[in-house]
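1. quick one: sequence plus predicted model below, questions after.
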Amino acid sequence: MVRRIVVGAHYGLRDWIGQRATAVYMAIYTIIFALYALALPEMSHEAWSAMFSGGFMRFATFLFFLALFYHAWVGVRDIFMDYIKPTGVRLALHVVILFLLIGYAGWAAQILWRL
Amino acid sequence: MSEATARKQRPKFLALHEIRLPLPGIVSILHRVSGAGLFLLLPFLLFLFDRSLGSPETFATYQSVVSNPLIKLILLGLLWAYLHHFCAGIRFLLLDLHIAGDLQAALNSSRIVLVVSVVLTVLIGVMLW
C-alpha cells in the first residue's frame, strides 16, 4: 500500500499530459513538414519562404515552435530535477531556461511573421 | 520523516562500468541525451531558420554556413537526435497506452527504434548532404 500524505494541487499531471500532447502535435507536424519539403521544386529562397508564408503552414509552424518550447521546458526541468539537487541552483536554472524559451518563442514569431 | 523515506536510506553500490544497460534502457538514456542536445543547439537552429527565411542575401549566408563540412556533421548529429527522439517518443507514447509493454515486445520495439532512427538518418542525410 502506498502511504502518501496528499497535499498540493497536483503531481505534475498537467505537465505530463502537456509533454505528450505537444509530442503528438510535433510528430504530426514533422510528417506534414516532410511532405511539404519533398514537394519543393527546388531549394531556393523563393520556394522555401513561399512554403512558410501560406496561412496554414505559418500557423502550423508557429504552433510547432510553441509545442517544442513547452515540451523542452518539461524535458529540461525533468533533467534538472534528476541531477541538480541544491534547490537554489535548480530554481535559478529553471528561471534561466524559462526566460530563454520565452525569448525563443518571440524570435520564432518574428521569423514567421516577417514573411 | 515518513516511514517510506526512512526505509530508502540504504547503502548504494553502483558499479556503473559493470552495469550492462538493457536495450530499453539504452533507448531511454539516448532519448534524454538527444533531447538535451537538441535543446542546447536550439539557438543555432533558430539562427539557421532565421537566415534561411530572411531575404535572398541571408539565404546565401545560410547556404554558406550549412555547406561547411563541420556544420554538416553537427547537423547530421542533430538529425539523428531528432529522429531518435521522434521514434523513441512514439515508443513511449505506445507504452503509455499499454502497447508492447511485456519484456519481449519492449526489447523488440527498442531494437526497432534504434535501427529505424539510424536508417532514416542515413537516408535523409544522403538526400541532403
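-> Yep, that arrived. Being a predicted model, the structure only gives us computed values, none of them experimental.
2. show me the residue at the heart of chain A, geometrically.
-> Residue closest to the mean C-alpha point of chain A, counted by Cα atoms, centre = their mean, is A:Leu68 at 1.5 Å.
3. and that one, which helix or strand is it part of?
-> Using DSSP states H and E, A:Leu68 maps to helix A:55-83.
4. and that helix, what does it pack against?
-> Under the contact criterion of 3 or more Cβ pairs under 8 Å, 6 or more residues apart in numbering or on different chains; DSSP states H and E, helix A:55-83 touches helix A:13-38, helix A:45-53, helix A:87-113, helix B:23-40. All C-beta spots, glycine's among them, are computed from the backbone N, C-alpha and C.
5. among those, which comes closest to B:Ala105?
-> With Cβ to Cβ, the closest approach to B:Ala105 among the helices and strands packed on helix A:55-83 belongs to helix B:23-40: 10.2 Å.
6. distance from the chain centre to the helix holding A:Leu68, please.
-> With Cα atoms, centre = their mean, to the nearest Å as the basis, helix A:55-83 stands 1 Å off its chain's centre.
7. that older thread, could you point out which of the helices and strands packed on helix A:55-83 sits nearest B:Phe59?
-> In terms of Cβ to Cβ, the element of the helices and strands packed on helix A:55-83 nearest to B:Phe59 is helix A:45-53, at 3.7 Å.
8. wait, does the closest one make contact with chain B?
-> Yes. With Cβ under 8 Å from any Cβ of the partner chain as the criterion, chain B is reached by helix A:45-53 at A:His45, A:Glu46, A:Trp48, A:Ser49, A:Phe52.
9. can I get stretch B:46-63 in PDB, CA atoms only?
-> Output of stretch B:46-63 as PDB, limited to C-alpha atoms (Å, rounded to 0.1, in the frame of the first residue of the first chain):
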ATOM      1  CA  LEU B  46      16.700  29.100 -34.900                       C
ATOM      2  CA  PHE B  47      19.500  31.200 -36.300                       C
ATOM      3  CA  LEU B  48      19.700  29.000 -39.400                       C
ATOM      4  CA  PHE B  49      15.900  29.100 -39.800                       C
ATOM      5  CA  ASP B  50      16.000  32.900 -39.400                       C
ATOM      6  CA  ARG B  51      18.800  33.300 -42.100                       C
ATOM      7  CA  SER B  52      17.100  30.800 -44.500                       C
ATOM      8  CA  LEU B  53      13.900  32.800 -44.500                       C
ATOM      9  CA  GLY B  54      15.100  36.400 -44.200                       C
ATOM     10  CA  SER B  55      16.000  37.600 -47.700                       C
ATOM     11  CA  PRO B  56      17.900  36.200 -50.700                       C
ATOM     12  CA  GLU B  57      21.100  37.600 -49.100                       C
ATOM     13  CA  THR B  58      20.600  36.000 -45.700                       C
ATOM     14  CA  PHE B  59      19.600  32.800 -47.600                       C
ATOM     15  CA  ALA B  60      23.000  32.900 -49.200                       C
ATOM     16  CA  THR B  61      24.600  33.300 -45.700                       C
ATOM     17  CA  TYR B  62      22.500  30.300 -44.600                       C
ATOM     18  CA  GLN B  63      23.700  28.200 -47.600                       C
END
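10. list the buried residues for it?
-> For stretch B:46-63, burial by neighbour count (16 or more other Cβ atoms under 10 Å in any protein chain shown) applies to B:Leu46, B:Phe47, B:Leu48, B:Phe49, B:Asp50, B:Arg51, B:Ser52, B:Leu53, B:Gly54, B:Phe59, B:Tyr62.
11. which element, helix or strand, includes the fourth one?
-> Meaning B:Phe49. Take DSSP H and E as the rule and B:Phe49 turns out to sit in helix B:42-54.
12. what angle sits between that helix and helix A:55-83?
-> Put simply, helix B:42-54 runs at 170 degrees to helix A:55-83, going by axes from the mean of the first three to the mean of the last three Cα atoms, to 10 degrees.
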